[in-house]
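Q: My questions are about this predicted structure, shown below with the sequence.
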Amino acid sequence: MHGPVDSKLYLQPLGFLRGCRASGAVKDGHAWWLAGGQQGIGLAFTLVRILFRHEGMAVDEVTLPVGHIGDYQADLSSFHQGEMDRLLGQIQGVRPPLPCGEGRTIAWDKPVIQGIVNVTPDSFSDGGRYDQAEKAVDHALALMAAGADIIDIGGESTRPGAEKVSIEEELSRVIPVIDMLAARSVPISIDSRNARVMKAALGAGAAIVNDVSALGHDGDALKLVAQQNCPVILMHAQKTPDVMQDNPQYDDVLLDVYDYLEQRLEVCLAAGIDRANLLVDPGIGFGKALEHNLALLSNLSFFHGLGVPVLLGVSRKSFLGALSHEPEASQRLAGSLASGVAGWEQGVQILRVHDVRETRQARDVWQRLTL
């Protein structure tokens, strides 16, 4: 089945194999490497889902073994043939190491763990526990010792219903913490949507920007990140935190989120941001109902078509409580780990978590299961 000639084409890698099974299938031509085989111990996909969207709605789709892709592609229009080549190249292409300042890089030979430090009084899971600089620094050092590859520091809660804080307040929360951690070997990301905070944090020693608005909230953020030549995580969110859970609606949540992130990537590239500095996050829980979150989690591999590393943030989130009937965020470790493993099985490169030690243990075991 083929979509209309003016429809948009999407590709999703499916049917994943790992370890020696993946290597053998790739050698025999029955599988292709995802992201050059970098993720974990090497992920390969055996199937490709081909989907067409026309006038905002999915109109046709088919799932084929990789060995049948060539014959299928030959029957497409020249435009769709070119799109298939482009998307397959982005799905299979090696992701360059992530530059993190002072000669440091993050490689993709294993799933990366980003540890959360909320220097806020009102974050949904640990609000108030680390809202003083000394407590936040101690917590960050504990996360580093537990195995965090990145420490993510934020001074403004973006939980559902959260109110905006002043720039001055956000700066007063995060900059002292970054100052005290900057000399450590673990890179720091600044979780902010405000350009002044980003600039001050990068000046204090942060290396990565993590923006829930995908550089769309602050008009100065795009230019700043381009000038600083630093990595940036572009997240999808519908509306702002104070109202984002007020009856979120999508035509097709998977395609809508993909299209938004693709558009933000294009804006960043046009502004002069290096593609090697770009990462995406589908924004689980940010303007999504339970069914939206489940649709995204079941299809995380869809976002590899964007050609950049994918970050997943599911730790302790409310959808886990809804699925497991657990009202306390701090008691959702098992659900967080289950969701994280599901992400790794689809090639997610970064997992953003509260529980670093437990996540590292899960990762180490997961990596060794199929050598």
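A: Cool, the structure landed. This is a predicted model, so every value here is computed, not measured.
Q: Could you check how far Ala44 is from Val280?
A: According to C-beta to C-beta, to the nearest Å, Ala44 and Val280 sit 22 Å apart. Bear in mind the C-beta positions are built from the backbone N, C-alpha and C, glycine included.
Q: for Asp109, same thing?
A: Asp109 is 20 Å from Val280, by C-beta to C-beta.
Q: Between the two, which is the more surrounded one?
A: Neighbour count, other C-beta atoms under 10 Å: between Asp109 and Val280, Val280 has more, with 26 against 14.
Q: Check what pLDDT the nearest residue to the more buried one once chain neighbours are set aside gets.
A: Spatial nearest neighbour of Val280, chain neighbours left out: Leu261 (4.7 Å); criterion: C-beta to C-beta, 6 or more residues apart in numbering. At Leu261, the pLDDT value in this model is 98.
Q: Point out where the chain drops to low pLDDT.
A: 1, 38-41, 122-131, 159-162, 244, 370-371 (pLDDT under 70).
Q: For it, just list every one of the helices.
A: In the chain, the segments counted as helices under DSSP state H are 19-27, 69-74, 78-92, 133-146, 167-181, 195-204, 221-228, 253-270, 290-298, 318-324, 333-344, 356-368.
Q: Tell me what angle the last one forms with helix 333-344.
A: What separates the directions of helix 356-368 and helix 333-344 is an angle of 40 degrees, with axes from the mean of the first three to the mean of the last three C-alpha atoms, to 10 degrees.
Q: how much does helix 356-368 deviate in direction from helix 19-27?
A: 50 degrees.
Q: Among the helices of the chain, single out whichever gets nearest to Leu34.
A: Among the helices of the chain, the nearest to Leu34 by C-beta to C-beta is helix 78-92 (6.6 Å).
Q: Hmm, Leu333 and Asp355 touching each other?
A: Yes. Using C-beta atoms under 8 Å, Asp355 makes contact with Leu333 at a distance of 5.4 Å.
Q: out of those two, which sits in the more crowded spot?
A: More crowded of Asp355 and Leu333, by other C-beta under 10 Å: Asp355, with 22 against 17.
Q: residues touching that one, list them.
A: Counting by C-beta atoms under 8 Å, 6 or more residues apart in numbering, Asp355 touches Ser315, Leu333, Ser336, Leu337.
Q: ok, now how distant is it from Asn210?
A: Per C-beta to C-beta, Asp355 is found 18 Å from Asn210.
Q: Just want to check the distance between the residue positioned nearest the centre of the chain and Asn210.
A: Among the residues of the chain, the one closest to the centroid is Leu311, at 1.9 Å (C-alpha atoms, centre = their mean). Distance, Leu311 to Asn210, using C-beta to C-beta: 8 Å.
Q: Which neighbours do these two have in common?
A: Joint contacts of Leu311 and Asn210 (C-beta under 8 Å, 6+ apart) are Ile233, Met235.
Q: Now render the helices of the chain as a markdown table, adding distance to Pro13.
A: Formatted as a markdown table, those follow (distance: least, C-beta to C-beta, whole Å):
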| stretch | distance to Pro13 |
| --- | --- |
| helix 19-27 | 12 |
| helix 69-74 | 11 |
| helix 78-92 | 5 |
| helix 133-146 | 32 |
| helix 167-181 | 37 |
| helix 195-204 | 33 |
| helix 221-228 | 29 |
| helix 253-270 | 14 |
| helix 290-298 | 14 |
| helix 318-324 | 24 |
| helix 333-344 | 14 |
| helix 356-368 | 19 |
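Q: Show the contacting residues for His236.
A: Contacts for His236 were tallied using C-beta under 8 Å, 6+ apart; they are Ala214, Val257, Tyr260, Leu261, Val280, Asp281, Pro282, Gly283, Phe286.
Q: Now Leu34. Nearest residue, chain neighbours left out?
A: Leu43 (4.5 Å).
Q: actually Gln238, sorry about that
A: Closest to Gln238 by C-beta to C-beta, 6+ apart is Gly287, at 2.8 Å.
Q: do Pro327 as well
A: Once flanking residues are discounted, Pro327 sits nearest to Gly321: 5.8 Å by C-beta to C-beta, 6+ apart.
Q: same check, this time on Ile208
A: Ser189 (3.8 Å).
Q: before we move on, what about Val197?
A: Nearest to Val197 is Glu170, by C-beta to C-beta, 6+ apart, at 5.2 Å.
Q: Could you measure from that neighbour over to Gly335?
A: For Glu170, the distance to Gly335 - C-beta to C-beta - is 30 Å.
Q: Those two - which one has more neighbours?
A: Applying other C-beta under 10 Å to Glu170 and Gly335 shows that Glu170 carries more neighbours, namely 24 against 20.
Q: my read: the more buried one touches Glu156, true?
A: Yes. Glu170 lies in contact with Glu156 (C-beta under 8 Å); the separation is 5.0 Å.
Q: burial count for the residue nearest to Pro327?
A: Residues near Gly321, counting by other C-beta under 10 Å: 16.
Q: ok, now the one 10 residues further on?
A: Burial of Gln331, expressed as a neighbour count using other C-beta under 10 Å, amounts to 13.
Q: Glu291 too?
A: Glu291 has 11 nearby residues by other C-beta under 10 Å.
Q: That one and Leu320: what is the separation?
A: From Glu291 to Leu320 the distance is 15 Å (C-beta to C-beta).
Q: likewise Ala182?
A: Applying C-beta to C-beta, the value for Ala182 to Leu320 is 33 Å.
Q: of those two, who's got more company?
A: Leu320 (23 against 16).
Q: what's near enough to touch that one?
A: By C-beta under 8 Å, 6+ apart, the neighbours of Leu320 are Val314, Glu326, Arg332, Gly335, Ser336, Ser339.
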